[in-house]
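Enquirer: give me a model of this one.
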Amino acid sequence: MGLTAMLVGSISGTGLQMMNNALQKVPLSRRPWLHVGYFFLGGYIGQRWVKLEKELVIDINEIRADKGLPPMVATSAWIKYENPE
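Expert: Residues are numbered from 1 along each chain as shown. You can find the predicted model right below:
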């Protein structure tokens, strides 16, 4: 999941810069360092998103435990619904 999120974020970052250039009607390859910068920025955001989702699930399960409710039930194929120890 982490690699997929990083690739999607990276492609989205580069696509964002290319769309910006297309809307301004300038050559798509104008300022290529911004393409690279947004590629890495998008990859970082994609990686951070996966970590944020895991932290949110853990927090939600702690709140539900405090209220006496059962933890969230879902598949653990992508996100493991347990506290890392």
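
Enquirer: can you tell me the helix or strand for the closest residue to residue 65 other than its chain neighbours?
Expert: Taking C-beta to C-beta, 6 or more residues apart in numbering, and ignoring the residues beside it in sequence, residue 65 has residue 71 as its nearest neighbour in space, at 6.9 Å. C-beta coordinates here come from the backbone N, C-alpha and C atoms, glycine included. Using DSSP states H and E, residue 71 sits in no helix or strand.

Enquirer: same question, residue 27
Expert: With elements taken from DSSP H and E, nothing contains residue 27; it lies in neither a helix nor a strand.

Enquirer: distance of it relative to residue 21?
Expert: Shown here: residue 27 relative to residue 21, a distance of 7 Å by C-beta to C-beta, to the nearest Å.

Enquirer: so what's the residue count around the residue nearest to residue 65?
Expert: Other residues near residue 71 number 14, with proximity taken as other C-beta atoms under 10 Å.

Enquirer: give me the number of residues near residue 23?
Expert: The number of residues packed around residue 23, counting by other C-beta under 10 Å, is 8.

Enquirer: before we move on, what about residue 5?
Expert: Taking other C-beta under 10 Å as the neighbour definition, residue 5 ends up with a count of 19.

Enquirer: and it, what helix or strand is that in?
Expert: For residue 5, the element it lies in under DSSP H and E is helix 2-23.
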